[in-house]
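[1] Below are the sequence and a predicted model for it; my questions follow.
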Amino acid sequence: MLARALADPVSVVGLDADGWTALLAMARAEQLIGTLAIRLDGLPMPGAVKTILADARASAEQGRRVALWEAEMARRALAAVGCPVVLLKGTAFVAAGLSAGQGRSIGDLDILVPRASLDTVEAALLAAGWEWVKPDPYDDVYYRRWMHELPPLIHRERDRMIDVHHTILPLTARVTPDPAALIAGSVALENGLRTLSPNGMIVHAAAHLFADGDLAGGLRNLWDIRCLLDEFGTDGLDADARRHGLEEQVARSLRLVDALFGAGNVRGIDRLCVRRLTARDGWGRPIRPVMRLAFYIRSHWLRMPPALLARHLWTKFRKG
C-alpha cells in the first residue's frame, strides 16, 4: 500500500479513515513519511491528514538543513587533511539536489574517505569536538580490524553522529567492492565535498540492502534507487556493478524496484525479499518474526566467515 502510494500518488484518493491510518503508520515506521508528504502534496485528503503531512514536510526540511550543516562542519574540520571527502546516503542526495532527497529522512552523517587517510581524518574530527560512541576496547578493535568504517563518533555539543567509511562493505564480507574506484568516480560539489556518481549511489544502496543488511528499512533504500533510476537511467550501471562484484545485488534491486513500484512479477528469493520488506501490519507494527529473524541471521552470515562470526557472537554474549 505504501509502495503504491509513493509510485502512484493518485491511488490514495478515496481512502477511508482506516486506509489513511494504515498508510501513515507504515510510512512513519519505514521513515518515509516526509517522502510521502512530498509525493501527496496538493491531492484531496482529510483535514487531519493534511495537517500531519504538512508537519512531516516541515520536519523533513528541518532535517535537510541539519544534515547540510553537519556536512559543512565536517568539511571545515577536514579541510586541512587534503583528502577527498565523499558524502553518502541521504546527505549526499540533498547536497546534490537530487529527487531522492526530497522529503527524505536523514540520520547520521556518512562519509567515505581513502583508507590511507583514516588516521588523519580521525585525529581532525576528534580535535573538532567529535567523541567516541563505543568506549569498549573490543568494539574498537572490531570496527578497526573487520568493519568498513571507524567506530561511530558523536559531536559533544551538537549531539550529531558521523560514520567515517573507508569502503562500503565490511572487510570480512564475501563481496569486496573497490572503494578507490568509487572515490575516483565521485562528483565534486561547489563547496569541495563530493558525492558518489549516480551509478555509485545505486551500487552502494544495493550493497547495503543485499550484501550487508537484513532489509530493515529497505523500502526507503529501494525508493532511493527508484528515484536515481528515474533521474539518471542505467547507462553503464552493469559495468559498474561488475567492477565491484555486486552485479547480483544490483540486478535484484532493479527487479524489486519494478515489483514494488511498478508492475513487475517476483519469484524465488525475490518473493521472500518482498515479504520481508513489507512485513508490517495496518498499524505499522512489525510482523512475520520468523522471516525477520532469518534475514537477520543471513545478514551476519554475509558479513563474516563462520569461525569469525562464532567468535564475535560468543564475545558479545559473554559481555552481555
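    That came in fine, so what should we check first? Bear in mind the structure is a predicted one, so any value in this text is a computation, not a measurement.
[2] all strands of the stretch 201-320 of the chain, in order?
    Ranges of strands in the stretch 201-320 of the chain, per DSSP state E, counting those that start in this stretch: none exist.
[3] shaky segments in it?
    Along the stretch 201-320 of the chain, the model assigns pLDDT under 70 to residues 309, 312-314, 316-317, 319.
[4] make it 90
    For the stretch 201-320 of the chain, the stretches with pLDDT under 90 are 211-217, 263-269, 282, 294-320.
[5] Residues in contact with stretch 260-271: which ones?
    When contacts are defined by CB atoms under 8 Å, 6 or more residues apart in numbering, stretch 260-271 is touched by residues 3, 6-7, 219, 222-223, 226, 252, 255-256, 258-259, 273-274, 277-278. Yep, even glycine has a C-beta here, placed from its N, CA and C like the rest.
[6] typo on my end, stretch 241-252
    175-178, 181-182, 199, 202-203, 206-207, 209-211, 237-238, 269-270, 273.
[7] related to what we said a few turns ago, in helices only, show me the contacts of stretch 260-271.
    Those of the contacts of stretch 260-271 mapping onto helices are 3, 6-7, 219, 222-223, 226, 252, 255-256, 258-259, 273-274, 277, per DSSP state H.
[8] Can you tell me which of the residues you listed are buried?
    Buried by 16 or more other CB atoms under 10 Å: 3, 6-7, 219, 222-223, 226, 252, 255-256, 259, 273-274, 277, out of these.
[9] With respect to residue 67, which of those residues is nearest?
    Closest to residue 67 out of these is residue 223 (17.3 Å), distances taken as CB to CB.
[10] and the residue lying closest to that closest one once chain neighbours are set aside, how far is that from residue 34?
    In this structure, residue 223 finds its nearest non-sequential neighbour in residue 6, 6.1 Å apart by CB to CB, 6 or more residues apart in numbering. Remark: distance between residue 6 and residue 34 (CB to CB, to the nearest Å) = 12 Å.
[11] same question, residue 245
    33 Å.
[12] Which one of the two is surrounded by more residues?
    For residue 245 versus residue 34, the count of surrounding residues by other CB atoms under 10 Å is larger for residue 34: 26 against 18.
[13] Isn't that one up against residue 56?
    Yes: if you go by CB atoms under 8 Å, residue 34 and residue 56 touch, sitting 5.0 Å apart.
[14] list residues touching both of these two?
    Residues touching both residue 34 and residue 56 (CB under 8 Å, 6+ apart): residue 103.
[15] host element of residue 140?
    For residue 140, the element it lies in under DSSP states H and E is helix 137-146.
[16] Endpoints of stretch 75-87, how far apart?
    10 Å (CA to CA, to the nearest Å).
[17] what does stretch 101-119 give?
    The first and final residues of stretch 101-119 sit 31 Å from each other (CA to CA).
[18] Which parts of stretch 10-20 count as buried, going by neighbours?
    The neighbour-count check on stretch 10-20 (16+ other CB under 10 Å) flags 12, 15, 20 as buried.
[19] Next: stretch 28-37.
    By neighbour count on 16+ other CB under 10 Å, the buried set for stretch 28-37 is 28-37.
[20] again, but for stretch 126-139
    Neighbour-count burial for stretch 126-139 flags 130, 139 (criterion: 16+ other CB under 10 Å).
[21] OK, contacts around the spatially closest residue to residue 173 that is not a sequence neighbour?
    Nearest non-adjacent residue to residue 173, counting by CB to CB, 6+ apart: residue 303, 5.6 Å away. Residues near residue 303 by CB under 8 Å, 6+ apart: 170, 172-173, 212, 309.
[22] ok, back up a step: so which of the buried residues of stretch 10-20 belong to helices?
    Going by DSSP H, the helices hold residue 20 from the buried residues of stretch 10-20.
[23] picking that back up, would you point out the most distant pair within the contacts of residue 303?
    Farthest-apart pair in these is 212 and 309; separation 13.7 Å (CB to CB).
[24] Touching, residue 93 and residue 110? I think so.
    No: taking contacts as CB under 8 Å, residue 93 lies outside contact range of residue 110: 11.4 Å.
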